[in-house]
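**Student:** how does the following fold in three dimensions:
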Amino acid sequence: MANKRDELIEKYATALREKFGLEPDMALLKKVTIGLGPSIYNRDSANVSGTDEKELYRVKHNFLIGKLGLQESGDLDAAIREVMDTYGASERTKYRAVIYYLLTRKFGKEAVYG
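**Tutor:** Down below sits the predicted model:
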């Protein structure tokens, strides 16, 4: 029987397949999900609001700069916007793990989760 985390990882994988047309690297997706800790179990913190500027600031500063070690640049904002646009404004549930996975792949920072 799968535990709750495994069920969420499969839900995220399904979102990547259906929304983005990608076959996810399950090992990386699992590491990204584990890296989010208990926040994945809280509906509010497990999702990212694509219209909340404070939330997007946190993705940029806490994840892209803090976790992935990227330098401040317009490329970071553009990458976040690209992921949000692909997810679509009509999609209310934008999974944080999916967004972080996509950004990790976009910037080639998989080794952070090595």
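
**Student:** right, and Met26 touches Glu10 too?
**Tutor:** No - using C-beta atoms under 8 Å, Met26 is not in contact with Glu10, being 9.1 Å away. Any C-beta I mention is one placed from the backbone N, CA and C, and that applies to glycine too.

**Student:** now do the phi/psi pair for Leu68.
**Tutor:** Main-chain torsions, Leu68, degrees, to the nearest 10: phi -80, psi -10.

**Student:** that one contacts Phe107, correct?
**Tutor:** Yes - at 6.2 Å, Leu68 counts as touching Phe107 under the criterion of C-beta under 8 Å.

**Student:** please tell me how far the longest helix along the chain is from the chain's geometric centre.
**Tutor:** Counting by DSSP state H, the longest helix found in the chain is helix 4-20. Relative to its parent chain, helix 4-20 has a centroid offset of 11 Å by C-alpha atoms, centre = their mean, to the nearest Å.

**Student:** packing partners of that helix?
**Tutor:** For helix 4-20, the packing partners by 3 or more C-beta pairs under 8 Å, 6 or more residues apart in numbering; DSSP states H and E come out as helix 26-35, helix 74-87, helix 96-106.

**Student:** so which strand or helix has Gln71?
**Tutor:** Counting by DSSP states H and E, there is no helix or strand that carries Gln71.

**Student:** let's number from 37 now, not from 1
**Tutor:** Right, with 37 as the first residue, what we last looked at is Gln107.

**Student:** quick check: it touching Ile101?
**Tutor:** Yes - applying C-beta under 8 Å, one finds Gln107 in contact with Ile101, separated by 7.5 Å.

**Student:** so which of the two has more stuff around it?
**Tutor:** Shown here are Gln107 and Ile101; by other C-beta atoms under 10 Å, Ile101 has more neighbours (15 against 8).

**Student:** and that one, helix, strand or coil?
**Tutor:** helix (DSSP: H, G, I helix; E, B strand; the rest coil).

**Student:** contact partners for it?
**Tutor:** Residues near Ile101 by C-beta atoms under 8 Å, 6 or more residues apart in numbering: 107-108, 112.

**Student:** hmm, 10 Å instead?
**Tutor:** 95, 107-109, 112 (C-beta atoms under 10 Å, 6 or more residues apart in numbering).
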